[in-house]
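Trainee: structure for this input, please:
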Amino acid sequence: MATERDWARNLKRLLDDDLLARIHERAAAYDRDNTFPLQDFDDLRAAGYLAALVPERLGGAGLSLAEATAEQTRLAEAAPATALAVNMHLVWTAVAKTLLDRGDDSLEFVLREVAAGEVFGFGVSEAGNDLVLFGSTVDAAPRSDGGYAYTGTKTFTSLSPVWTRLGTFGLDSTSEDAPRIVWGFLDRSAEGIEVREDWDTLGQRATQSNTTVLRGAVAAADRVVRRLPPGPNPDPLVFGVFVNFEILLASVYAGIAHRAVALAAEAAARRTSLKLGGAPRSEDPDVRRRIASAALLDDGLDPQIRSLARDVDDLVDHGRWWFAKASGLKVRVTEQAKAVVDEAILVGGGSGYAASSELSRLYRDVLAGAFNPSSEDSALSTIATAVLGPVTAPPP
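Mentor: Modelled structure (predicted):
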């Protein structure tokens, strides 16, 4: 039987330490200037990272989802915003791979186009849409040729400066079988696409997740991949989007936590204490307890992520528990990562409060986890449904 050590020894990696060091060196400037990490992106493309999850037979690196999460965590340790930006492209490749592994080739074109150099944006979020995948404020109007014209606004569209394809969805309210949620892929060159340069946030600034306005932007018939009833749906595409998004997202926040523990340890060794006669703060029992508390939380992150990612790779059937497991993973990891950073920034002392401090940047970046779906309320609702079944009685 293969052991955890065997898995780690055989882990396929695309990101070498020199590449990660260069990316880390640039992270502060991208954050300060609120600019897209184009040099990082070019380096990652050259390393074959954008095709990490594309099977080798289709021209990619052939990583498993578990291996990709390990690489995403390492990338996030170097530059969280760069990792989160690339994450959204990797989600689409993970979805396509998940479907293909289960005998569904409806998104194989995504894998082939990624291998050819295309970059996929994740056009899913909508302001005011708390149904997330199960409803839409964007209109999807059917065309006589089988395509769909999308009109509406998508928010948090990461990789805005560089995506060439946009996976998105909208609501068809006019067809005979309406309403239907229509998933399709847009080409960046299509008419009716406006990218607003409006990303100016507290953290995760380099993702450049600008608003995308669609005004009749057309997805061709061969790029319309699903028409589904609104509401929770067992369709493999919905499964793939939800589960892969949550797992890959969690891997980014785990990287933030890992880096925060390392920075806290460095700060404790560097700072001295008059109370301890000039000894380093790492000798202070209160500091040691605080760092140990952070490390205790941090130590549990990777196993959670790796376990669920392997289940996706191994085609494990969790049935109705899949959505509960994935949303629970995301909430636990992001909350634990924030708790780790909270402890680390206190260990770092007043210098960590400076805007130029890496700990300060990690603090701002980790806060974004609360705004990435699933929210705690949504996750708890999903978990309650898995445990108790759906609500059948009307509210009082």
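
Trainee: and the gap between Glu246 and Ala21?
Mentor: According to C-beta to C-beta, to the nearest Å, Glu246 stands 29 Å off from Ala21. All C-beta spots, glycine's among them, are computed from the backbone N, C-alpha and C.

Trainee: these two: which has the busier surroundings?
Mentor: Taking other C-beta atoms under 10 Å, Glu246 and Ala21 do not tie; Glu246 has more neighbours (26 against 10).

Trainee: helix, strand, or coil at that one?
Mentor: Secondary structure, DSSP: H, G, I helix; E, B strand; the rest coil: Glu246 is helix.

Trainee: got a list of what it touches?
Mentor: Counting by C-beta atoms under 8 Å, 6 or more residues apart in numbering, Glu246 touches 326-327, 329-330, 374.

Trainee: same question for Glu126.
Mentor: Glu126 makes contacts with 136-138, 152-155, as judged by C-beta under 8 Å, 6+ apart.

Trainee: which stretches in the stretch 51-200 of the chain count as helices?
Mentor: 65-78, 80-101, 108-115 (DSSP state H, counting those that start in this stretch).

Trainee: and those helices: which comes nearest Val162?
Mentor: Taking C-beta to C-beta, helix 80-101 is the member of the helices of the stretch 51-200 of the chain nearest to Val162, at 8.8 Å.

Trainee: which other residues reach stretch 336-352?
Mentor: By C-beta under 8 Å, 6+ apart, stretch 336-352 touches 253-254, 256-257, 260-261, 263-264, 267-268, 271, 281, 287, 290-291, 293-294, 297-298, 300-301, 353, 357, 359-360, 362-363, 366-367, 369-370.

Trainee: out of those residues, which are buried?
Mentor: 253-254, 256-257, 260-261, 263-264, 267-268, 271, 281, 287, 290-291, 294, 297-298, 301, 357, 359-360, 362-363, 366-367, 369 (16 or more other C-beta atoms under 10 Å).

Trainee: contact partners of stretch 38-50?
Mentor: 14-16, 19, 22-23, 26, 30, 60-61, 71, 75, 79, 82, 85-86, 89-90, 93, 114, 117, 119, 161-162.

Trainee: so the chain: which segments form each domain?
Mentor: 4-115, 120-228, 236-388 (automatic domain parsing).

Trainee: deepest of the helices of the stretch 51-200 of the chain, which one?
Mentor: helix 80-101 (a mean of 26; mean count of other C-beta atoms under 10 Å).

Trainee: just checking, what packs against that helix?
Mentor: When contacts are defined as 3 or more C-beta pairs under 8 Å, 6 or more residues apart in numbering; DSSP states H and E, helix 80-101 packs onto helix 17-33, helix 38-46, helix 65-78, helix 108-115, strand 120-123, helix 236-270, helix 358-367.

Trainee: export the ones you listed as CSV, with columns for distance to Pro142.
Mentor: CSV is the format used below for the helices and strands packed on helix 80-101 (distance: least, C-beta to C-beta, whole Å):
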stretch, distance to Pro142
helix 17-33, 41
helix 38-46, 35
helix 65-78, 34
helix 108-115, 21
strand 120-123, 19
helix 236-270, 19
helix 358-367, 41
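
Trainee: who wins for proximity to Pro55 among the ones you listed?
Mentor: Between these, helix 108-115 lies closest to Pro55; by C-beta to C-beta that is 6.8 Å.

Trainee: could you dump the contacts of Glu246 into TSV and include secondary structure and neighbour count?
Mentor: As requested, the contacts of Glu246 are exported to TSV (DSSP: H, G, I helix; E, B strand; the rest coil; neighbours: other C-beta atoms under 10 Å):
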residue	secondary structure	neighbour count
Ala326	helix	26
Ser327	helix	24
Leu329	helix	23
Lys330	helix	26
Ser374	coil	24
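
Trainee: now the two most distant members of these.
Mentor: Farthest-apart pair in the contacts of Glu246 is Leu329 and Ser374; separation 9.5 Å (C-beta to C-beta).

Trainee: please list all residues in contact with Ala116.
Mentor: Gly59.

Trainee: report pLDDT for it.
Mentor: Here the pLDDT value assigned to Ala116 is 98.

Trainee: do Ala295 as well
Mentor: On the pLDDT scale, Ala295 gets 98.

Trainee: ok, His318 - how many residues close by?
Mentor: Neighbours of His318 (other C-beta under 10 Å): 15.

Trainee: the one 10 residues further on too?
Mentor: Other residues lying near Gly328 total 21 when counted by other C-beta under 10 Å.

Trainee: now do Leu274
Mentor: 7.

Trainee: now it. Its backbone dihedrals?
Mentor: Here is the backbone geometry of Leu274 (degrees, to the nearest 10): phi -70, psi -40.
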